[in-house]
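Student: pasted the sequence and its predicted model underneath.
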Amino acid sequence: MMSKIVRTQANFLYPFILIFGFYVVAHGHITPGGGFQGGAVIATGVALVAVAYGYDTIKKWIKKTHLTAAEGIGLLCFIITAFIGLSTSFFYNFLANSGLIFGNRVPYGINPGYLNTAGTLPIMNLAVGIEVLGGLSVIIMYMMAYGREVKQ
Amino acid sequence: MRNVLMSIVFLILLAFMLYVAINPGDFGSSTGEHFVFGAPKFTDMDNYFIHNGQNQTAANNIVTSIVFDYRGFDTLGEASVLFTAVLGVGVVLRLLGGGRNDE
């Protein structure tokens, strides 16, 4: 556990880092970024809290089983979304321009960007984002657990 | 012996690649396609993505539409690489830490 200044700053920054990470994931089909980048940003928030509070405190808040479950669920959702379009081809974008959820058309050329577009791309971005945040966070947790055991 | 063998393989590969780089017209001439290094013939691939990406995938971000739609299988490989990396880190660090399973 680090000093009170570091802990206060971590408390202040943690929600903003998470919000920014989920923003990058959710706007992956409009702005630069996507699932991998946004998941890495969220994992940096987890790393900040883990460094500020130490492993013994953080392991009561963030369970490694939940993170590994998030990783598996993300990869599974990604593969399932890819398999749903299998009637045409693997990774077929069956929702694009269909009028359903995320199915609006986007005008050709320069436009301000619309969230309700791009078909399966936002779903895949969300799935990959969940997978990456779980994977990188659980790597950090494993390394901190191992470092504590070495110190003892 | 092993070093000599590796050197021979390296020299053969180097000679082949240098030959292809210097004489690009001969490579693939049996199929009638000539690849020139630095000036590929199929430059209209990126133009295809730029002109049709917004209509076909309805996404503004062409990079995302390539990564998750046109080349989605490649992204599946990247995601499995991350999954395998986490699996390896978990196994190795748990073994190094004494193999306990209490947390």
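Tutor: That came in fine, so what should we check first? As the structure is a prediction and not an experimental result, all values here were calculated from the model. Numbers count the residues shown, from 1 in each chain, chains lettered A, B, ... in the order given.
Student: spatially nearest residue to A:G34 (excluding sequence neighbours)?
Tutor: Leaving aside its sequence neighbours, A:G34 sits nearest to A:G28 (C-beta to C-beta, 6 or more residues apart in numbering or on different chains; 3.7 Å). (C-beta placed from N, C-alpha, C; glycine too.)
Student: so which bits of chain B are right by chain A?
Tutor: B:54-61, B:63-65, B:67-69, B:72-73, B:75-76, B:78-80, B:82-83, B:85-86, B:89-90, B:93-94, B:96-98, B:103 (C-beta under 8 Å from any C-beta of the partner chain).
Student: what score does the residue nearest to A:G34 have for pLDDT?
Tutor: pLDDT recorded at A:G28 is 85.
Student: surely it and A:G39 touch.
Tutor: No. If you go by C-beta atoms under 8 Å, A:G28 and A:G39 don't touch, sitting 10.5 Å apart.
Student: so what's in contact with these two at the same time?
Tutor: Overlap between the neighbourhoods of A:G28 and A:G39 consists of A:G129, taking contacts as C-beta atoms under 8 Å, 6 or more residues apart in numbering or on different chains.
Student: pLDDT on stretch B:95-103, on average?
Tutor: Mean pLDDT, stretch B:95-103: 64.
Student: surely A:F36 forms part of a helix?
Tutor: Yes. Assigned with DSSP: H, G, I helix; E, B strand; the rest coil, A:F36 falls within a helix.
Student: do I have it right that it meets A:L133?
Tutor: No. Counting by C-beta under 8 Å, A:F36 stays clear of A:L133, with 10.2 Å between them.
Student: ranges for the helices of chain B?
Tutor: Residue ranges of the helices in chain B, as given by DSSP state H, are B:2-22, B:44-57, B:62-65, B:72-96.
Student: more neighbours: A:F36 and A:L133, which one.
Tutor: A:L133 (28 against 22; other C-beta atoms under 10 Å in any protein chain shown).
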